[in-house]
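Peer 1: Generate coordinates for the sequence data below:
(chains A and B)
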Amino acid sequence: MDFKDTPEEAKFREEARAWLKDNVPKDSELEGLNYIEQAKLWQKRKYDAGWACITWPKEYGGRGASAIEQVIWNQEEGKYELPGGVFSIGQGMAAPTLMAWADEEAKARYLPRLASGEDIWCQLFSEPSAGSDLAALRTKAAKDGDEWVVNGQKIWTSGAHYSDYGILVLRTDPTVAKHKGLTYFYLDMKSPGVEIKPIKQISGDANFNEVYFTDVRISDSQRLGEVGQGWQVALTTLMNERASIGAGGVNVGFDSVFKLAQKVNIGDKPAIENDAVRARLADWYCQEAGLRYTSYRTLSALSRGDTPGPENSIGKLVGAPKTQDMASFAIDLLEQSGALWDEELSAEAGMFQATYMSIPGLRVAGGTDEIMANIIAERVLGLPQEPRMDKGIPFNEVPTGAAKG
Amino acid sequence: MNFEFSEDQMMLRDQAQRFLAENCPPAVVRKVLEGDADYDADLWKKIVDMGWTAVVIPEEFGGLGLSYLELCVIAEELGRVCAPVPFSSSVYLGTEALLLAGSSEQQEAWLPKLAAGEAIATFALAEGPGQTTAASLATTAKGDKLSGSKIPVADAGIADVVVVAARHDGGDGAALYLVPTDQKGVSVTPVSTLDPTRGHGTLTLDKAEAQPLGKPGEGWALIEKLLNRAAVPFAWEQVGGAQAALEQAREYALGRYAFGRPIASYQAIKHKLANMYVKNTLARSNCYYGAWALNTDAAELPVAAATARVSAIQAYYFAAKENIQTHGGMGFTWEFDCQFYYRRSKLLAVTIGSEAQWQDKLITAVEKSNAA
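Peer 2: Model (predicted):
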């Protein structure tokens, strides 16, 4: 039991570190570029040197590296503040799906452009009436010659407004049972009939969109998997979504709240000397440490060549509510000033308030807390599913109803 | 990165599991629960024969000279079956105190006997309700004679030697003493506890012969170090028990039907069990780190031990109470074994200091490491 790299891992780390040192973009290079241009600049540089999407096969733009090498790369790259984020859905979810289900021609055409950052992809899965019960989606595709004609609406699509392509699941047969009538496609986001509307969130940001489809035509050659096999293909994407959302970086954690408790007072003493504060901080420390060492155990398994399983769902299930509670607690520590949300007047430039207002989204994204708990119960502990009212019934006979806000 | 046990350690785990499945089934635990004995002497003898009491004792004292990782592996398995034996008292505390602070004469006198199971050791800290501190100690040393009363002391009735925390003149007022029980000045009265599968007593010292353990002036810091080191195998026992409670709840929920289906198919139960799994997993991962820190005597031990301890206390309590809840009324019956975990989880939660104490120690340790 030790934390050291194996000699091969150490060599790889050294190589990555050396390349990063010489190639991370300087501020002067990024000046005047918007965040997408900045991200593209860095991605292209990595791609040209063989450091993009390193676990992918070389012929698709990767370097055929192992999972543990990917982790080492992430650790080293993570030491710098770099532009990015806009490629995570394309590279993290669309690409693994293409790799598993697309034909050679499509893989050769799209994957290198994903790796180089030339193309940005988004994911069009959720719908107003299909969230946790994703397979209940109703945006329909009707076959017309070699094409499919798509009508309906998707929602919660991150980055739809700057994406070149999208992956989507559509209902191609409403007369069969829910999961059996779905088919998986990808499309050009500039296709006629695609309309994108941003959704304003409670945090004031607009990261998500509604995407409307009116007689949008998609070539049958852009289908992944067989007609009716869409659910199976979607599972490839979803497994990768849960893995990548859990990894998301948030700044509110033990260190920031601990430091705040040293600065502010309760009564005439620093808050950190208050026993209730200490007890809560200790619990959060234990959760953070537990997640960190759980990830070390996963890394050890990866290092040995294992594939991570559904047990990784705990990262998001523990991390998101913990972050929410810590942001809320930090605001309490600030007392009346906690209500201020202002870059100049708030402690830490308003980080606690910003997190408080954005974290409800993370508890829902990529599977709600409740769905994550179901995944652990069913796939780790082997407990049975709840009986389903829609099981075996043709989709167009299933009772529906979407709540209105 | 290699954050896992070795092949040999995994084999030891399998071997320990098989051994305990055969030699410590629930009937053995129940016999001690319902009887007058402080422990199961047959099981204890077999455990000694397996060499488990000798694991971390160096070979020169008749031990196996293995690492603390092996000890943690064994601790988890003993915790899983709620073993009714004085292993934690004798090994994590008594043996550890001698290894940590014993003079070579003291080590030569006791370690070979402890390794061979010819003697049982224990640790006496508490003196009544509330936290014991350097300032609160009432048991007092006058020269090499100790007088006072310690309650409760695990395995007091079967121990051959007790490591006693007492007040003396000098330093911060606290010190450890080695007190053989086979003498006129030592008497033990059994006491009833929440967990009768582990015997406890009041240890009364009346001018008992005692030898100082450790260098003069080490004071409370030595006690703290002993507690930090013991906290790690204790946490492994707790994680083992928490895992067993989860498995018991899972099995019952799968077999018990209500409204025409297994209760394990209701999300109220599924989420409860998923919660147990999450708490157990976090605690177990913290125990890995604790085991690493204990085994390498790392500077991080105070943080690592407290982290393992706090999360293991919480995980075991949660799993034990929700296991009973999952069983419904049957979980509350004497006939069912759910009580084993419920009793043991609370006993272990207050042995060597409660959750609140360790939460505070954790933050204190973080403050110290940040200041360094």
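
Peer 1: who are the neighbours in contact with B:W52?
Peer 2: B:74, B:87, B:91 (C-beta atoms under 8 Å, 6 or more residues apart in numbering or on different chains). Every C-beta, even on glycine, is put in place using the N, C-alpha and C of the backbone.

Peer 1: For the residue in the stretch 201-350 of chain B positioned nearest to chain A, give its distance to B:A242.
Peer 2: At 2.8 Å from chain A, B:L282 is the closest residue in the stretch 201-350 of chain B, using C-beta to the nearest C-beta. From B:L282 across to B:A242, the span is 11 Å (C-beta to C-beta, to the nearest Å).

Peer 1: neighbour-wise, which of these two wins?
Peer 2: A count of neighbours by other C-beta atoms under 10 Å in any protein chain shown puts B:A242 above the other of B:L282 and B:A242, at 31 against 26.

Peer 1: Most neighbours among the contacts of B:W52, please name it.
Peer 2: Going by other C-beta under 10 Å, B:I74 tops the contacts of B:W52 with 30 neighbours.

Peer 1: in terms of contact, does that residue touch B:A16 like I think?
Peer 2: Yes. Contact criterion C-beta atoms under 8 Å: B:I74 and B:A16 qualify, at 5.7 Å.

Peer 1: Flag the shaky bits of the chain, pLDDT-wise.
Peer 2: Using chain A. Chain A contains residues with pLDDT under 70 at A:241-250, A:307-308, A:402-405.

Peer 1: Wait, chain B was what I had in mind.
Peer 2: For chain B, the stretches with pLDDT under 70 are B:1.

Peer 1: measure B:Y39 to B:D337 for me?
Peer 2: From B:Y39 over to B:D337 (counting by C-beta to C-beta), the distance is 18 Å.

Peer 1: The residue of the stretch 201-350 of chain B closest to chain A should be in a helix, yeah?
Peer 2: Yes. Counting by DSSP: H, G, I helix; E, B strand; the rest coil, B:L282 is part of a helix.

Peer 1: can you pull the contacts of the closest residue to it other than its chain neighbours?
Peer 2: The shortest distance from B:L282 to any non-neighbouring residue, by C-beta to C-beta, 6 or more residues apart in numbering or on different chains, is to A:G290 (2.8 Å). Going by C-beta under 8 Å, 6+ apart, A:G290 touches A:318, B:281-283, B:285-286, B:307, B:311.

Peer 1: State the distance from A:G290 to A:S303.
Peer 2: Taken as C-beta to C-beta, the span from A:G290 to A:S303 is 20 Å.

Peer 1: B:G63 too?
Peer 2: Relative to A:S303, B:G63 is positioned 33 Å away (criterion: C-beta to C-beta).

Peer 1: give me the residue from the stretch 1-150 of chain A nearest chain B.
Peer 2: A:M1 (5.3 Å).

Peer 1: and the nearest residue to that residue once chain neighbours are set aside, what does it touch?
Peer 2: Using C-beta to C-beta, 6+ apart and skipping residues adjacent in sequence, the residue nearest A:M1 is B:W292, 5.3 Å away. Counting by C-beta under 8 Å, 6+ apart, B:W292 makes contact with A:1-3, B:3, B:298, B:304.

Peer 1: What is the nearest of these to B:R344?
Peer 2: Minimum distance to B:R344 across the contacts of B:W292 is 23.3 Å, recorded for B:A304 (C-beta to C-beta).

Peer 1: Any chance of a ChimeraX selection covering the buried ones in the contacts of A:G290?
Peer 2: Restricted to buried positions by 16 or more other C-beta atoms under 10 Å in any protein chain shown, the ChimeraX selection for the contacts of A:G290 reads:
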select /A:318 /B:281,282,283,285,286,307,311
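
Peer 1: Tell me the one among the contacts of A:G290 nearest to A:L362.
Peer 2: A:V318 (12.0 Å).

Peer 1: Distance-wise, check that closest one relative to chain B.
Peer 2: The gap separating A:V318 from chain B is 6 Å, by C-beta to the nearest C-beta, to the nearest Å.

Peer 1: and that residue, how far is that from B:N370?
Peer 2: A:V318 sits 24 Å away from B:N370, taking C-beta to C-beta as the criterion.

Peer 1: do A:Q70 as well
Peer 2: Going from A:Q70 to B:N370 by C-beta to C-beta gives 31 Å.

Peer 1: need the residues of the stretch 151-300 of chain A near chain B, please.
Peer 2: Within the stretch 151-300 of chain A, the positions near chain B by C-beta under 8 Å from any C-beta of the partner chain are A:258, A:272, A:275, A:278-279, A:281-283, A:285-287, A:289-294, A:296-297, A:299-300.

Peer 1: Go again with 7 Å.
Peer 2: Residues of the stretch 151-300 of chain A found near chain B (C-beta under 7 Å from any C-beta of the partner chain) are A:275, A:278-279, A:281-282, A:285-287, A:289-291, A:293-294, A:296-297, A:299-300.

Peer 1: Can you select the buried ones from those in ChimeraX?
Peer 2: ChimeraX command restricting those to the buried ones, with burial defined by 16+ other C-beta under 10 Å:
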select /A:278,279,281,282,285,286,287,289,290,291,293,294,296,297,299,300
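
Peer 1: so of the residues of the stretch 151-300 of chain A next to chain B, which ones are in helices?
Peer 2: Within those, residues falling in helices by DSSP state H are A:275, A:278-279, A:281-282, A:285-287, A:289-291, A:293-294, A:296-297, A:299-300.
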